[in-house]
Structures are given as C-alpha cells and as structure tokens.
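*Asks:* fold the stuff below for me.
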Amino acid sequence: MSGVVATLAMAGLQSPAFAYGRMDISGGLGHATTNNVNDVLFGCDDKANGIGVYGRFIMQEGSLVDVPDPDGESGGCGVDDWRGTGYYAYKLQAVQRDGTASAWGYTY
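*Replies:* Next up, the predicted model:
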C-alpha cells in the first residue's frame, strides 16, 4: 500500500509547463477557455438566450483580446488562434454582452 501512496505523491509533484484555463459565467450562460498551451483562445455561448458571450483574455505582454462567440446563441465558440506567434494568454474572463461576467482567472 505504501508503494501506491508514494507513486501517487510523486505523480502529484509533476506539473505541465502550461495548463489550459477556463472561466464560466454562473447560471451556465457561457465560458472562456484556452488550449493546453494557452495560444488558442475560445469565447463560448452556452445558453440560447440571444444575448451573446465573448472571452476576454490578457496576453503575456499585456494586450487585451476579445473573442466573441459566432452567433450569440448556444451553438458554438469563437476562436482566435495565436499558434506560432510566441504570444499566449495568462488571464481570462467570460463576459455576456449584458455585462454579466465571470471573475478573472489565470490560465495556469
């Protein structure tokens, strides 16, 4: 039994260089998320209420990037692909167009 505990403890010490982030607006309205290295950004509307959602991201050099969902309904996510540019998001927030928003979160 102690070997299993030791193995689990050692596995817990390892962490990836990057991890994806996700922030949700309460009530299932929408979310903002990234891929596993934080250079593909998503703004997703999760409720067909006609209001629309966008993901708001702060990039590592300080610029602000908004990624709107494509249709203002629950059908999909807007995508902004920064792969190959050297830029990545380090903070994110999901915002519904009426001002309802998640808290800010970190992508790691």
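*Asks:* with adjacent residues omitted, what lies nearest to the one residue sitting closest to the centre of the chain?
*Replies:* In the chain, the centroid-proximal residue (CA atoms, centre = their mean) is Thr33; its distance is 1.8 Å. Among residues not flanking Thr33 along the chain, Arg22 sits closest, at 4.2 Å (CB to CB, 6 or more residues apart in numbering). Using the backbone N, CA and C atoms, a C-beta is placed for each residue, glycine as well.
*Asks:* burial count for that neighbour?
*Replies:* 16 (other CB atoms under 10 Å).
*Asks:* OK, contacts around it?
*Replies:* Going by CB atoms under 8 Å, 6 or more residues apart in numbering, Arg22 touches His31, Ala32, Thr33, Thr34, Leu92, Gly105.
*Asks:* wait, isn't the fifth one in contact with Tyr108?
*Replies:* Same thing as Leu92. No. With contact defined as CB atoms under 8 Å, Leu92 does not reach Tyr108; the gap is 10.9 Å.
*Asks:* quick one, grab the pLDDT at the residue nearest to Thr33.
*Replies:* pLDDT, Arg22: 94.
*Asks:* same deal with Pro16?
*Replies:* The model reports Pro16 with a pLDDT of 37.
*Asks:* low-confidence ranges in the protein?
*Replies:* Low-confidence segments of the chain (pLDDT under 70): 1-19.
*Asks:* surely Lys47 and Gly28 touch.
*Replies:* Yes. Using CB under 8 Å, Lys47 is in contact with Gly28, at 5.9 Å.
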